[in-house]
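S.K.: pasting the structure only:
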């Protein structure tokens with residue numbers, strides 16, 4: 001008795017292999033893909049339109065006068081934003097000095113040392129997650145009531161830096177925790193098995209591996225702080241300053257406040273000046289984000 005023979009359709013690519021009939025893509029999946037591409041296209045078109053409008057409006061004033069001259073209400077043709085640029089640098093520098101060490105150390109404690117079964121550690125985690133969604137104006141109210149008036153710091157660089165530090169601290173903590181959590185447990189176990197203490201393991205194994213993610217999250221958090229205007233306006237940030245800050249106790253203004261002041265003016269010259277200041281602020285943000293991307297690509301590891 002002969003065995004049955006099964007005819008196999010041949011394929012041009014692989015002789016003798018069975019041919020599988022492919023299924024067509026469902027129309028709902030195609031519609032979903034088209035919706036995603038359409039949403040992306042709308043966002044990109046609007047962003048490109050805004051950037052083009054700002055660059056065209058500010059092009060006549062994109063010259064060294066913008067970063068070498070001080071604000072001038074009488075003669076907008078000679079006005080500049082040097083005090084706002086320097087104030088932004090001072091405020092962001094002190095913000096990084098206050099929030100980065102605090103946020104990174106908090107992330108290390110919560111990920112490496114905290115007992116998740118303790119109620120106070122769970123309360124800290126819940127509050128950090130909730131604070132990340134609080135509007136910035138609420139931090140401005142807190143800074144005005146507690147830091148400026150309660151502690152007596154006044155309308156200074158120190159007050160603005162502490163307020164912005166509170167604003168971006170939850171973002172720094174969350175991003176640092178995610179970077180630490182991404183380090184495999186096998187790295188920690190191997191270090192502990194060789195006789196290293198927990199702190200030596202964290203300092204020599206975990207932190208070097210988590211630095212790219214922590215640096216990226218920290219720079220992006222500072223990028224958010226550099227564009228904030230609402231809390232600083234509530235703190236009483238001055239809109240017309242003709243001198244650069246000289247320390248933490250100096251009066252200040254920043255680029256978002258200066259742009260807000262120029263936009264509110266009625267003369268067309270100030271609109272061009274505000275557009276030029278917006279371009280400078282965007283360049284600073286682009287530089288910070290580029291550094292974050294470079295750090296991530298340069299020092300990231302694949303486990």
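M.R.: Okay, I see it. Just so it is clear, the model here is predicted, and its values are computed rather than measured.
S.K.: Who are the contact partners of residue 269?
M.R.: 76, 77 (C-beta atoms under 8 Å, 6 or more residues apart in numbering). (C-beta placed from N, C-alpha, C; glycine too.)
S.K.: now do 10 Å
M.R.: 60, 61, 75, 76, 77, 79, 262 (C-beta atoms under 10 Å, 6 or more residues apart in numbering).
S.K.: Now do the nearest residue to residue 103 once chain neighbours are set aside: how many residues are near it, please.
M.R.: Excluding the flanking residues, the one nearest residue 103 by C-beta to C-beta, 6 or more residues apart in numbering is residue 172, at 3.1 Å. Residues lying near residue 172 (other C-beta atoms under 10 Å) number 25.
S.K.: does residue 172 count as helix, strand or coil?
M.R.: At residue 172, secondary structure determined by DSSP: H, G, I helix; E, B strand; the rest coil is helix.
S.K.: Hmm, residue 178 and it touching each other?
M.R.: No - the pair residue 172 and residue 178 fails to qualify as a contact (C-beta atoms under 10 Å) at a distance of 11.1 Å.
S.K.: overlap in contacts of those two?
M.R.: Common neighbours of residue 172 and residue 178 (criterion: C-beta under 10 Å, 6+ apart): 107, 214, 217.
S.K.: count of neighbours near the last one?
M.R.: Going back to what we said before, that points to residue 217. 25.
S.K.: so which helix or strand takes in it?
M.R.: helix 207-226 (DSSP states H and E).
S.K.: what helix or strand does residue 201 sit in?
M.R.: Per DSSP H and E: helix 198-201 holds residue 201.
S.K.: What helices and strands are in contact with that helix?
M.R.: helix 185-193 (3 or more C-beta pairs under 10 Å, 6 or more residues apart in numbering; DSSP states H and E).
S.K.: Need the residues that contact the helix it packs on.
M.R.: 112, 184, 196-198, 200-202, 204-206, 209, 303.
S.K.: TSV for those residues, including pLDDT?
M.R.: Below are these laid out as TSV (pLDDT from 0 to 100):
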residue	pLDDT
112	87
184	89
196	87
197	88
198	88
200	89
201	90
202	89
204	88
205	88
206	89
209	87
303	61
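S.K.: Of those, which is the nearest to residue 271?
M.R.: The nearest member of the contacts of helix 185-193 to residue 271, counting by C-beta to C-beta, is residue 209 at 48.8 Å.
S.K.: in stretch 106-124, what's buried?
M.R.: 106, 107, 108, 110, 111, 114, 124 (16 or more other C-beta atoms under 10 Å).
S.K.: Just name the lowest-scoring one in the residues you listed, pLDDT-wise.
M.R.: Note: of those, the lowest pLDDT belongs to residue 114, at 84.
S.K.: Please name the residues that touch that residue.
M.R.: Contacts of residue 114 by C-beta under 10 Å, 6+ apart are 106, 108, 120, 121, 122, 124, 125.
S.K.: so how far is stretch 95-104 from its chain's centroid?
M.R.: How far stretch 95-104 lies from its chain's middle: 14 Å, per C-alpha atoms, centre = their mean, to the nearest Å.
S.K.: related to what we said a few turns ago, contacting residues around the residue nearest to residue 103?
M.R.: Contacts of residue 172 (C-beta under 10 Å, 6+ apart): 96, 99-104, 106-107, 165, 214, 217-218, 220-222.
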